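# return atomic coordinates for the entry below.
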Amino acid sequence: MQLENAFFAVFLSSLAEVPGVILGIMIVDMEGVGRRRSILLFFIAASLMALIVPYFTESTDFLIGNMVLKSLVNTPFCILYIFAAELFPTTHRASGIAFCSASSRIAGALSPLVTAWALTQSVDLTYDIFALAMALGALASISYEYETSQAQLPESMDDVFENSNKTKRAEERPLLSSRG
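Now for the predicted structure:
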C-alpha cells in the first residue's frame, strides 16, 4: 500500500467514529432501550464484527469492515460516559467521571502495545483480543443491575446506599426481556 493510500485509510477509519457518536445519541434515550441495552447491543455487535473482519480478503472489504468495527466500538464508549455520569451521586460525580476518564486513557495508552504484540503473533489473534475485550464489556453491562435512563439520579452517598438496600429497586425492566 502506498503511503498516500495508507494516510487516506487512516483518515477514513477515523471518520468512521462519527456515525457511532450519532447513533449513540439517537439510541441512548429511545423508549424501551436505555443505557444498558444499548451498551450490550453494540458490544455484542462489535465483538461479532471483530471475529469476522480478519477473514475479509480484499483490502477494500477489510477497510470497510474495520470502519464498521470502529463505529460499533465507539458507540458504547460514548454511551458509557453518559451511564457513568448517572451512576455517581452528585457529591461524587466529578471524581467518578475523572476516575473513569483516567481508566479509559490508561487502556487507550496500553492498547497500541497489546495490538503491536498481537500483530507479531497473528492478525486473527489481534481481532480475537478485541472481540474478547468487547465480550467482557457486554458481560459487565449484563452484570450491573440498574438502568439509569429516566431514573432519579442520586444526590448523595446516602441515596446510593438507600437505593441499594431496597429489595426491588434493581432494574424494573430486566435487560433481556421484551418489555419496554
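# make it CA atoms for all contacts and neighbour counts henceforth
OK.
# got the contact list for the spatially most central residue of the chain?
The centroid of the chain falls nearest to Pro76 when counting by C-alpha atoms, centre = their mean (2.9 Å). Shown in contact with Pro76 (C-alpha atoms under 8 Å, 6 or more residues apart in numbering): Gly24, Ser38, Ile39, Leu40, Phe42, Phe43.
# next SSE after the helix or strand hosting it?
Taking DSSP states H and E as the definition, Pro76 sits inside helix 59-87. Per DSSP H and E, helix 59-87 leads on to helix 93-121 as the next helix or strand towards the C-terminus.
# who does that next one touch, helix- and strand-wise?
helix 59-87, helix 123-143 (3 or more C-alpha pairs under 8 Å, 6 or more residues apart in numbering; DSSP states H and E).
# what angle separates that helix from helix 59-87?
Between the axes of helix 93-121 and helix 59-87, defined by axes from the mean of the first three to the mean of the last three C-alpha atoms, to 10 degrees, the angle is 160 degrees.
# now, which of the contacts of Pro76 lie within helices?
Gly24, Ser38, Ile39, Leu40, Phe42, Phe43 (DSSP state H).
# surely the last one and Ala140 touch.
To tie it back to what came earlier, the one meant is Phe43. No: using C-alpha atoms under 8 Å as the test, Phe43 is too far from Ala140 to be in contact (10.2 Å).
# so which of these two has more stuff around it?
Phe43 (27 against 14; other C-alpha atoms under 10 Å).
# for this protein, give me the ranges with low pLDDT.
Scanning the chain with the threshold set as pLDDT under 70 gives 1-4, 151, 161, 163-180.
# rerun at 80
1-6, 9-10, 13, 29, 31-32, 34, 144-180 (pLDDT under 80).
# tell me the contacts of Leu125?
Here Leu125 is in contact with Ala118, Leu119 (criterion: C-alpha under 8 Å, 6+ apart).
# and for Met49?
Applying C-alpha under 8 Å, 6+ apart, the residues near Met49 are Gly65, Val68, Leu69, Ala131.
# surely the third one and Ile52 touch.
No: the pair formed by Leu69 and Ile52 falls short of the contact definition of C-alpha under 8 Å, at 9.8 Å.
# more neighbours, those two?
Leu69 (24 against 17).
# count the neighbours of the nearest residue to Phe56 once chain neighbours are set aside for me.
Nearest non-adjacent residue to Phe56, counting by C-alpha to C-alpha, 6 or more residues apart in numbering: Phe62, 5.2 Å away. Using other C-alpha under 10 Å, Phe62 has 16 neighbouring residues.
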